[in-house]
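Novice: Any chance you can model this:
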Amino acid sequence: MKTIAALLLTAAIAAPALAQDVTEPRSGKTFAAKSGEMSLLGVGLRTRYIINAKVYAIGLYVSDQALAGPLATFKGKTSSPEFYNALIWGDFPKQVTLKFTRDLGQQKIQDAMRESLAGGDPKLLDTFVSYFPELKTGQECVIRWAPGGVLETTMAGQAKPPIADKNFAATVFGAWLREKPIQEDIKLGLVSRAGQLIK
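Specialist: Below is the predicted model of the structure:
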């Protein structure tokens, strides 16, 4: 019995750190290291600097196949503009998970999303923004890139109609990853594990 316990303890100690959940330190929100066949590339925290309010913690997940395939060419170059561009436009499964840290009125969150996605197709933007209701602390929003650039949104556990437009999907992911993102420290945080995952 002791031998089995010792083996289990050794296995637990030997388990790679990458398999552990990751906590966004300023919000305390925890993200699973894996989501299906995707791995957590990094986390960040959206704040509104005027009132220094925490809005949501965010985690970026990327397909394991992409990490071993097209993204592998960026080993040692994960701070390059080309890497961020590949994350925005690459046609592979990826998702962002938003974990809201405060109550938000519908108008406030929709206005913020419009601001973040300025320049996106107006009609598609109207549709996407309509997916955001009044939000309560602890609710989550999952935004996925499905094959072909189809944007799949699940808001507080409710699936919304997909938006099949690669350019708009790239606009959404680009909000956090583009050259001038909505918040620079989020952009850096969302790739903080890339060096460990891209081998």
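Novice: Could I get the full set of helices for the chain?
Specialist: 2-14, 64-68, 81-89, 106-116, 122-129, 166-177, 184-189, 194-197 (DSSP state H).
Novice: wait, G44 sits on A57?
Specialist: Yes - between G44 and A57 there is a contact under CB atoms under 8 Å: 7.3 Å. Quick note: C-beta positions are derived from backbone N, CA and C, even for glycine.
Novice: Now the common contact residues for these two.
Specialist: E24 (CB atoms under 8 Å, 6 or more residues apart in numbering).
Novice: before we move on, the earlier item: nearest to V142, out of the helices of the chain?
Specialist: Checking the helices of the chain against V142 by CB to CB gives helix 166-177 as the closest, at 12.2 Å.
Novice: Now for G69, how many residues are close by?
Specialist: Using other CB atoms under 10 Å, G69 has 12 neighbouring residues.
Novice: wait, which of the helices of the chain is closest to G36?
Specialist: Among those, helix 64-68 sits nearest to G36 (CB to CB), with 9.2 Å.
Novice: Sketch out the low-pLDDT regions of the chain for me.
Specialist: 1-19, 49-52 (pLDDT under 70).
Novice: how does it look with 90?
Specialist: Applying pLDDT under 90 to the chain flags residues 1-20, 48-53, 118-119, 199.
Novice: count of neighbours near S130?
Specialist: 13.
Novice: and if you look at G36?
Specialist: Neighbours of G36 under the rule other CB under 10 Å: 11.
Novice: Repeat that for W89.
Specialist: The burial count for W89: 16, using other CB under 10 Å.
Novice: give the contact list for it.
Specialist: A170.
Novice: Next: L135.
Specialist: 100, 103-104, 106, 109, 156.
Novice: ok, now D21?
Specialist: By CB under 8 Å, 6+ apart, the neighbours of D21 are 30-33.
Novice: ditto for S35
Specialist: S35 neighbours (CB under 8 Å, 6+ apart): 61, 95, 97.
Novice: now it, which residues is it bridged with?
Specialist: M38 (DSSP bridges).
Novice: from memory I109 sits against S130, does it?
Specialist: No - in this structure, I109 is not within contact of S130 by CB under 8 Å, at 11.3 Å.
Novice: sorry, back to before: among the contacts of D21, name the ones in strands.
Specialist: Using DSSP state E, 30-31 are the members of these that sit in strands.
Novice: which of the contacts of D21 tops the neighbour count?
Specialist: With neighbours taken as other CB under 10 Å, the top of the contacts of D21 is F31, carrying 20 neighbours.
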